[in-house]
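Q: no sequence on hand, only this structure:
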């Protein structure tokens, strides 16, 4: 019986699947974003999120546990250094999967998986206010600039 065996086998034997997920996790850690198929991205998220949680505590024991999964000292250094500093206050959900559509050759759903804190395009910028296109006026700054420009025009015509 296969009770509580819900993970995706991805059409591979266990050793092949573990090696593939470890290689994909190393690539994700080193490059911060990788493009892959949607089922592999979902399997990778389940594989890598506990490792990232483990990297929050920088102890010898946690480094050894993560190294037993990844077997790459450069990825371990990157994970425990730069990545763990960025995700220190995040309680989970370190990765994001964005669907890219269908691959034309074999109609496989594609996606990319990335770290949430590393995408500058999707980061929340509190200081920047988006310009809306609803009003004809540009807002407070635009009206001040317009009045200054009008005052200069009036001053030049008076001379």
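A: That came through fine. From a predicted model like this one, the values you see are computed outputs, not experimental measurements. Numbering: from 1, shown residues only.

Q: just give the nearest non-adjacent residue to the spatially most central residue of the chain, would you?
A: With distances taken as Cα atoms, centre = their mean, the residue of the chain nearest its centroid is residue 115 (2.7 Å). In space, residue 115 comes closest to residue 32 once its chain neighbours are excluded; the distance is 5.3 Å by Cβ to Cβ, 6 or more residues apart in numbering. Using the backbone N, CA and C atoms, a C-beta is placed for each residue, glycine as well.

Q: list the contacts of that neighbour.
A: Counting by Cβ atoms under 8 Å, 6 or more residues apart in numbering, residue 32 touches 114-115, 118.

Q: can you flag which of these belong to helices?
A: Taking DSSP state H, every one of the contacts of residue 32 sits outside helices.

Q: any chance of TSV for those, columns pLDDT and distance to residue 58?
A: Formatted as TSV, these follow (pLDDT from 0 to 100; distance: Cβ to Cβ, whole Å):
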residue	pLDDT	distance to residue 58
114	95	23
115	94	18
118	84	19
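
Q: filter those residues down to the ones in strands?
A: Members of the contacts of residue 32 lying in strands (criterion: DSSP state E): 114-115.

Q: tell me how far the residue nearest to residue 115 lies from residue 6.
A: 28 Å (Cβ to Cβ, to the nearest Å).

Q: picking that back up, out of the contacts of residue 32, who's nearest residue 52?
A: residue 115 (8.5 Å; Cβ to Cβ).

Q: partner residues bridging the closest one?
A: residue 95 (DSSP bridges).

Q: contacts only, for it.
A: Contacts of residue 115 (Cβ under 8 Å, 6+ apart): 28, 32-33, 83, 86-87, 94-96.
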